[in-house]
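[1] After the sequence you'll find the predicted model.
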Amino acid sequence: MGLTTSKLKAKLCEVIATFRTSFVRELHNKAKNKLELIWDEMKQISNNVNKNPDNIDSLVCIMKEIKKIVKQEMEMEEKINPVLEM
């Protein structure tokens with residue numbers, strides 16, 4: 001008595017291919033969203049730092065942003081590394 005598994009094998013291959021495509025697409029979307037958030041944060045910091053200091057208050061604001069940048073530098077690596085590993 002013999003069993004033919006060719007149809008089962010073909011269906012499993014089809015299911016695996018569909019799952020792989022869905023998984024990769026979802027992973028790509030997650031990575032893209034995380035990178036967009038990081039990029040927006042970097043643009044906001046850049047805009048704040050690149051302002052022309054009109055008075056002492058704006059200069060103080062720029063200095064605070066620079067301090068924030070130094071503090072967030074390591075955090076930025078921690079945010080980017082998981083995305084790069086995806």
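    Okay, I see it.

[2] got any ranges where the chain has weak pLDDT?
    1-2, 86 (pLDDT under 70).

[3] could you redo the last one with a cut-off of 50?
    Counting by pLDDT under 50, the chain shows no low-confidence range.

[4] Helices of this structure, residue ranges please.
    Remark: helices assigned in the chain by DSSP state H are 6-49, 56-85.

[5] mind giving me a markdown table with those helices and columns for mean neighbour count?
    Where C-beta positions appear, they are placed from N, C-alpha and C, glycine not excepted. Conversion of the helices of the chain to a markdown table gives the following (neighbours: other C-beta atoms under 10 Å):
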| stretch | mean neighbour count |
| --- | --- |
| helix 6-49 | 11 |
| helix 56-85 | 12 |
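
[6] ok now stretch 64-79, how far from the chain's centre?
    Remark: stretch 64-79 is offset 16 Å from the chain centroid, using C-alpha atoms, centre = their mean, to the nearest Å.

[7] if I pick E78, what's in contact with it?
    Counting by C-beta atoms under 8 Å, 6 or more residues apart in numbering, E78 makes contact with nothing.

[8] how far away is it from I45?
    To I45, E78 is 16 Å away according to C-beta to C-beta, to the nearest Å.

[9] Need phi/psi at D54.
    Note on D54: its backbone torsions stand at phi -80, psi -30 [degrees, to the nearest 10].

[10] can you give me how far stretch 78-86 is from the chain middle?
    Using C-alpha atoms, centre = their mean, the offset of stretch 78-86 from its chain centre is 7 Å.
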